[in-house]
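Trainee: Structure of the sequence below:
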Amino acid sequence: MAAPSHRRSLRSRRTLVVSAAFVAAGVGAGIVVMNANAGTVDLYHQTLAAKDGWASSGTGTTGGSKADAAHTFTVSTRAQLVKALGSVSDTAPRIIKIKGTIDANTDDAGKKLTCASYAAGTGYSLSSYLKAYDPATYGRSKLPSGAQEKARAAAQTKQAKNVVFKVPARTTIVGVPGTKAGISGGMLQIQNVDNVIVRNLNFSATEDCFPQWDPTDGDKGNWNSNYDSVTLRGATHVWADHNTFTDAAHFDSSNPKYYGREYQIHDGALDITKSSDLVTVSRNQFTNHDKTMLIGSSDSEPAGKLRVSIHHNIWKGIVQRAPLARVGQVHIYNNLYDVTALNGYATQYSINSRAKAQVVAEDNYWKLPTGGKVAKLLSGDGTGAVKGAGNLVNGTVTDVVAAYNAASSKDLKTTVNWTPTLTAGLETSAKNLPTSLATTTGAGVLTAS
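Mentor: Next up, the predicted model:
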């Protein structure tokens, strides 16, 4: 759509994880699990291990593991996925196995849809829109309004009806191993529901055909798009594991400029907003993307939510928001950040703590290219905190918080109001992460029994 922006309980210790890579890495839940009491546990019924980040808190995250045969689906098309998801009001446990790549921009019969398909009948055209809201004549003091803005919104609504997949509570969505499973051009919307698992999927080409021009956004205005690959809004107990997120095949470097600003068709990769809570993001790959992970959409979100654990992920070719955290208690550990420019994506910063966020960042590894500055790995607004420990830059223990504060007028606070305890799999040395994560992260690694 290149369109016009560790400790385990005694019972847990009786579990054998059959995966040499995972045993070597010493990390959480494995691939195929043999349990002395329960027998073989297949990939589709796996649940989040005890103490594996915030999503294991309280009742834990089990997704659709108790689904009966009537609520277990294998899908290969957009229409099949929509049917399997059903209604968000139906909370019966369900397992959805995605086989192959689902193109969200297709109709119920599987016919390919384009940006022109969505614009048809709305009266929208990009050339008319650009003429109507040219800052030279329309000004920069107010959002677009009138016929062309209504037409743009109508076209965007048509696209949304096709590409937004609403996920019910108690759902597990897993890619079938060996099928290059994933969703192209779509968004999983996990909104105001509890207990969801998303694993082993490639998310690519999530693109908005109809970005909105906002002349009031920043000093020069911006084009803003509407879809994340996965979005959490008021969601609780969510485990996102072994997925790959990328803009491919359309990179931002191919985006045109209008009004002197990039016509941005991409939004977030995995955003966690609207007081979402108790989330674990593990062993994913985030690559070729700009605004990657937003935790908290507003500085005014209420305290007490947005508790997120982010561990054993690879971030490569990421511009910013890895993550940007607001308000909540966020644990970031054992991640690999490769900040070398890739396909035109050059890093501005990795972690941003603002709006009084309480971030613990420990035992992460940054690969910094020649000429790169440690002071630019972090960012903040002067109210957020990052407690750092054991972080490596090119293999050397480095106080990344002190480096940022030495160069910034808005210091990050260095103490936080909580101590992480849900830390299964935490490796107290980051030195092996570049090697171990290369073969144990992203979609396509997991196998099924």
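
Trainee: And the helices in the stretch 251-400 of the chain, which stretches?
Mentor: Taking DSSP state H, counting those that start in this stretch as the test, the helices found in the stretch 251-400 of the chain are 400-407.

Trainee: What residues are bridge-paired with the most centrally placed residue in the chain?
Mentor: Of all residues in the chain, the one closest to the mean position by CA atoms, centre = their mean is residue 270, 1.9 Å from it. With DSSP bridges as the criterion, residue 270 is bridged to residue 230.

Trainee: Make sure it is actually in contact with residue 228.
Mentor: Yes. Contact criterion CB atoms under 8 Å: residue 270 and residue 228 qualify, at 6.8 Å. All C-beta atoms are positioned from the backbone trio N, CA, C, and that covers glycine.

Trainee: got the CA positions of stretch 422-432 in CSV?
Mentor: Taking Å, rounded to 0.1, in the frame of the first residue of the first chain, the C-alpha atoms of stretch 422-432 are listed here in CSV:
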residue,chain,number,x,y,z
LEU,A,422,8.3,-9.9,38.3
THR,A,423,11.6,-10.6,36.6
ALA,A,424,11.6,-14.2,35.4
GLY,A,425,14.4,-14.6,32.9
LEU,A,426,16.3,-11.4,33.8
GLU,A,427,20.0,-11.8,32.8
THR,A,428,22.3,-9.8,35.0
SER,A,429,24.8,-9.4,32.2
ALA,A,430,24.0,-8.0,28.8
LYS,A,431,27.2,-9.0,27.1
ASN,A,432,25.7,-12.0,25.3
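
Trainee: just use 763 as the starting number from now, easier for me
Mentor: Yep, numbering from 763; the last one is stretch 1184-1194 now.

Trainee: roughly how far is it from the heart of the chain?
Mentor: Here stretch 1184-1194 shows a centroid-to-chain-centroid distance of 21 Å under the convention CA atoms, centre = their mean, to the nearest Å.

Trainee: For the stretch 1063-1211 of the chain, give me the ranges with low pLDDT.
Mentor: Counting by pLDDT under 70, the stretch 1063-1211 of the chain shows low-confidence ranges at 1211.

Trainee: burial measure for residue 1205, as a count.
Mentor: Look at residue 1205: counted by other CB atoms under 10 Å, it has 21 neighbours.

Trainee: Please list the residues outside stretch 935-943 that contact it.
Mentor: 805-806, 836, 857-863, 929, 944, 950, 958-964, 1205-1206, 1208-1210 (CB atoms under 8 Å, 6 or more residues apart in numbering).

Trainee: filter those to the buried ones?
Mentor: 805-806, 857-861, 863, 929, 944, 950, 958-964, 1205-1206, 1208, 1210 (16 or more other CB atoms under 10 Å).

Trainee: Do a quick rundown of the helices in the stretch 763-912 of the chain.
Mentor: 782-787, 840-847, 877-881, 888-894, 897-900, 909-925.

Trainee: how about those helices, which one is nearest residue 1183?
Mentor: Smallest distance to residue 1183 across those (CB to CB): 21.0 Å, for helix 782-787.

Trainee: Now the closest one: average pLDDT?
Mentor: Average pLDDT, helix 782-787: 34.

Trainee: now swap in stretch 1017-1025 and tell me
Mentor: So the average pLDDT for stretch 1017-1025 ends up being 98.

Trainee: Stretch 995-1008 too?
Mentor: 98.

Trainee: My guess is residue 1121 contacts residue 1148. True?
Mentor: Yes. Using CB under 8 Å, residue 1121 makes contact with residue 1148 at a distance of 4.6 Å.

Trainee: what do these two both touch?
Mentor: By CB under 8 Å, 6+ apart, the residues touching both residue 1121 and residue 1148 are 1113, 1115.

Trainee: Let's see the distance spanning stretch 1101-1110 from one end to the other.
Mentor: Chord length of stretch 1101-1110, first to last residue, is 9 Å (CA to CA, to the nearest Å).

Trainee: and what of stretch 1113-1132?
Mentor: 20 Å.

Trainee: What distance do you get for residue 1023 to residue 1109?
Mentor: 21 Å (CB to CB, to the nearest Å).

Trainee: now do residue 1167
Mentor: 19 Å.

Trainee: The two: which is more packed in?
Mentor: residue 1109 (24 against 19).

Trainee: Next up, phi/psi of that one, please.
Mentor: Main-chain torsions, residue 1109, degrees, to the nearest 10: phi -70, psi 130.

Trainee: If we ignore the residues flanking it in sequence, what's nearest it?
Mentor: residue 1101 (4.0 Å; CB to CB, 6 or more residues apart in numbering).

Trainee: Now do the same contact list for the residue lying farthest from the centre of the chain.
Mentor: Going by CA atoms, centre = their mean, the residue of the chain most distant from its centre is residue 899, 38.3 Å out. Residue 899 makes contact with no residue under the criterion CB under 8 Å, 6+ apart.

Trainee: what's the distance between it and residue 974?
Mentor: In terms of CB to CB, residue 899 sits 18 Å off from residue 974.

Trainee: on that earlier part again, out of the helices of the stretch 763-912 of the chain, flag the one nearest residue 816.
Mentor: Here helix 782-787 is closest among the helices of the stretch 763-912 of the chain (CB to CB), at 20.4 Å.
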